[in-house]
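[1] any chance you could fold what I've pasted below:
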Amino acid sequence: MNAPSVATAGALALDAEALYGELREGVAPLLAMGTHLVGIVSGGGWLAERLHADLRREGAPGAISSAMHRDDFARRGLANASQTTLPFEVDGADILLIDDVLYTGRTIRAVLNELFDYGRPARVRLAVLVDRGGRQLPVAADFAAARVSLPAARSLELARADDGRLSFRIDEVQPC
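    Numbering: from 1, shown residues only. Here you go, the predicted structure:
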């Protein structure tokens, strides 16, 4: 049996697999029969795929990229070549966005802009593995498996091993 992969920063310890279990239990009540899971590329996409399978949802989960609507596009460029894939009609849809880490809210703003390029959903909610605070925009998750506080000089990123197991990386942010 593998030991759980735990990321630590000072006294903070995050077990991604345990938090995934919390996320799975927390999103289940948010899912009606016609709710579509949409993962934010890349960590949220991994989570949405796994949730979709574990919760035995019909069809396929969607994936949405923030790349084309980021407000730091000039500085970052196309950070991720993944494309948005929404295998359902967006107009009138009930959508549950899934992401790994909610921080400033800017990725969520970009994703909402991308989503509305495809149509006008009836409802959009957000579930995240970790809410680390530090909001710069008025964005809140409907469900967060954990709420933690990290200094702005630290980054928190979800990683996925070849066997699908999840872990976190906590690094120092490199100045631009």
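[2] for the host helix or strand of residue 159, buried residues please.
    With secondary structure defined by DSSP states H and E, residue 159 is part of strand 154-160. Residues 156, 158-160 are the ones in strand 154-160 that count as buried (16 or more other CB atoms under 10 Å). Any C-beta I mention is one placed from the backbone N, CA and C, and that applies to glycine too.
[3] note down every partner strand of it and its orientation.
    Looking at strand 154-160 with DSSP bridges, its partner strands are strand 166-172 (antiparallel).
[4] so where's this protein uncertain?
    1-12, 72-81, 174-176 (pLDDT under 70).
[5] follow-up on the earlier one: would you point out the most distant pair within the buried residues of strand 154-160?
    Greatest spatial distance among the buried residues of strand 154-160 (CB to CB): 156 and 160, at 14.7 Å.
[6] residue 129: which of the buried residues of strand 154-160 is nearest?
    For residue 129, the nearest member of the buried residues of strand 154-160 is residue 158. The distance, counting by CB to CB, is 6.7 Å.
[7] is that closest one bridged to anything, and to what?
    With DSSP bridges as the criterion, residue 158 is bridged to residue 168.
[8] which residues in this protein form strands?
    Remark: strands of the chain, listed N- to C-terminal, are 6-9, 12-15, 35-40, 62-64, 94-102, 123-131, 143-147, 154-160, 166-172; assignment by DSSP state E.
[9] who touches residue 45 in this structure?
    With contacts taken as CB atoms under 8 Å, 6 or more residues apart in numbering, residue 45 has the following neighbours: 39, 61, 63, 82.
[10] quick one: buried ones out of those residues?
    The neighbour-count criterion (16+ other CB under 10 Å) marks 39, 61, 63 among those as buried.
[11] contact partners for the second one?
    Same thing as residue 61. By CB under 8 Å, 6+ apart, the contact list for residue 61 reads 36-39, 45, 48-49, 51-52.
[12] about what we covered before: tell me which of the buried residues of strand 154-160 is nearest to residue 145?
    For residue 145, the closest of the buried residues of strand 154-160 turns out to be residue 158, at 11.5 Å, with distances computed as CB to CB.
[13] what residues are up against that closest one?
    16, 43, 46-47, 100-101, 129, 166-169.
[14] leaving aside the residues next to it on the chain, what's closest to the most centrally placed residue in the chain?
    Among the residues of the chain, residue 99 comes closest to the average C-alpha position under CA atoms, centre = their mean, at 0.7 Å. Closest residue in space to residue 99, ignoring its immediate chain neighbours: residue 44 at 3.8 Å, by CB to CB, 6 or more residues apart in numbering.
[15] no further questions, thank you.
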